[in-house]
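>>> need coordinates for the below:
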Amino acid sequence: MITGTLSRYFGLRFVSAVLAMFAGTLVLTAMIDFLELMRRSGDIPDTSAWLVAKITLFRVPFITERVLPFTVLVGGMFCYLNLSRRLELVVARSAGISAWQFTAPAMILAMLIGAFMTAVYNPVSAILRERSTRLESDLFGYESGFRGTTAGFWLRLRNEEGQAVLNAKSSHQQGIQLSGVTVFRFDPAGSFLDRIEAKSATLERGDWRLDGARFYVSGIAPTERDVFRIKTTLTPAQVGESFATPETVPFWGLASYIDAAENAGLAASGYRLQYYQLLAQPFYLLAMVLLAASVSLRFFRMGGVQKIVLGGISAGFFLYVLAKITGDLSKAGMMAPMAAAALPAALGGVTGLVALLYQEDG
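Predicted coordinates:
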């Protein structure tokens, strides 16, 4: 009975600390992003402050989702340091309760928070992120749309006239409108025909409309056409699936996007990485709790609080850098997406677990 009451108490304290950190991060992020957007839009006439605020509100969930592991880490450290300062951990230990018993509620709750963020929060965040990008593109122009790598976006087209490979520097409305377009056309036998460069391309029913097209054929002077159309069987939904960045795809739709990207001949490593990272998120948050507990369960009166906080934040920053490195390696095809998503969570969890075992059991 006592153990259950204490577990609920420790769990409530942990959730309160994490929610407070998350709310503070959300407000601070919103303020900074709003001021930055106001600065960027200062030269645009008749800019509405409400429109800028709307873009900020739509973008904040996406940003806060990225810093969630840090809020769990810092919230867990704050929770346990505060319990230690008030000698509540001392009382719990004197009652025969081990560190594993009063960290178990936080670990369970971290797993539940991670599952909620993956299944519910991420889809909402992804949808709002896409809407914010559309509003930002309308405000600043097409160049504010999604961008791919330094080589831009690539798409393979097939029709009865042969094949074509389309490259675009930037996209708007998830690939429905493109800018900085280059098209390489091939005949049915696979022989190169010509290269087309256009200012923009728009997907219409049954074809791509190229505006300001310029044709380059070997041995012939370049020619220009105001409008040129290339037949296609692609639908707006299929193109959207090919051009959508992984961060703007809801968790429940990632599997279909992976299939669509592979069928279009595009690399799906980014979508796979995002999918596995979302699946691993509960375990990643569990690792954050273990790290927080490993650096903050010592008695508050023993001093060294600054070093404790610095050590915990450093460990979290190291895992963040590791996640970025493994993610880049996975996107480059040098590491399996599942391994890239699981490594930071596994390393953080093992490190925190070993530290706790050493502190508790010697």
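>>> could you list the low-pLDDT ranges of the protein?
Across the chain, residues meeting the criterion (pLDDT under 70) sit at 1-3, 141-152, 172-174, 235-244, 260-267, 298-305, 360-362.
>>> would you mind giving the domain segments of it?
2-142+269-361, 153-238 (automatic domain parsing).
>>> which residues of the stretch 101-250 of the chain fall in helices?
With helices called from DSSP state H, counting those that start in this stretch, the stretch 101-250 of the chain shows them at 122-140, 236-243.
>>> list the buried residues in the longest one.
By neighbour count, and taking 16 or more other Cβ atoms under 10 Å as the criterion, the buried residues in helix 122-140 are 122, 125-126, 128-137, 139. Where you see a C-beta, it was placed from the backbone N, CA and C, and this is true even at glycine.
>>> point to the residue nearest the middle of the protein.
In the chain, the residue lying closest to the centroid (Cα atoms, centre = their mean) is residue 247, at 4.6 Å.
>>> quick check: it touching residue 129?
Yes. The criterion here is Cβ atoms under 8 Å, and residue 247 meets it with residue 129 at 6.5 Å.
>>> between these two, which contacts overlap?
Common neighbours of residue 247 and residue 129, counting by Cβ atoms under 8 Å, 6 or more residues apart in numbering, are residue 62.
>>> give me the residues contacting stretch 184-204.
Outside stretch 184-204, the residues that touch it by Cβ under 8 Å, 6+ apart are 142, 161-168, 175-183, 208-218, 228-230, 232, 234, 236, 239.
>>> any of the residues you listed buried? List them.
Buried subset of the contacts of stretch 184-204 (neighbour count, 16+ other Cβ under 10 Å): 142, 164, 166-168, 175, 177-183, 208, 210, 213, 215, 228, 230, 232, 234, 239.
>>> which of the residues you listed fall within strands?
Assignment to strands by DSSP state E places the following of those there: 164, 166-168, 177-183, 208, 210, 213, 215, 228, 230.
>>> quick check, distance from stretch 48-60 to the centre of its chain.
How far stretch 48-60 lies from its chain's middle: 20 Å, per Cα atoms, centre = their mean, to the nearest Å.
>>> please disregard the earlier target; I meant stretch 132-139.
Distance, centroid of stretch 132-139 to centroid of chain: 19 Å (Cα atoms, centre = their mean).
>>> got the CA coordinates for it in CSV?
Only the C-alpha atoms of stretch 132-139 are listed here, as CSV (Å, rounded to 0.1, in the frame of the first residue of the first chain):
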residue,chain,number,x,y,z
SER,A,132,2.8,26.3,-41.8
THR,A,133,5.0,25.7,-44.7
ARG,A,134,2.2,26.5,-47.2
LEU,A,135,1.5,29.7,-45.3
GLU,A,136,5.1,30.6,-45.2
SER,A,137,5.5,29.9,-48.9
ASP,A,138,2.5,32.2,-49.7
LEU,A,139,4.1,34.9,-47.5
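>>> tabulate the buried residues of helix 122-140 (CSV), appending distance to residue 325.
Shown next, in CSV, are these (distance: Cβ to Cβ, whole Å):
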residue, distance to residue 325
122, 22
125, 24
126, 24
128, 28
129, 24
130, 27
131, 31
132, 28
133, 26
134, 32
135, 33
136, 29
137, 31
139, 34
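>>> for those, which one is nearest residue 319?
residue 122 (19.5 Å; Cβ to Cβ).
>>> the closest one: what's it in contact with?
65, 250, 251, 278 are the contacts of residue 122 under Cβ under 8 Å, 6+ apart.
>>> cutoff 10 Å now
Contacts for residue 122 (Cβ atoms under 10 Å, 6 or more residues apart in numbering) come out as 61-62, 65, 116, 247, 249-252, 254, 274, 278, 281.
>>> with residue 326 instead?
Counted by Cβ under 10 Å, 6+ apart, residue 326 has contacts 273, 277, 334-337, 339-344, 347.
>>> now do 7 Å
Shown in contact with residue 326 (Cβ atoms under 7 Å, 6 or more residues apart in numbering): 335, 340, 343, 344.
>>> what values do phi and psi take at it?
phi -60, psi -40 (degrees, to the nearest 10).
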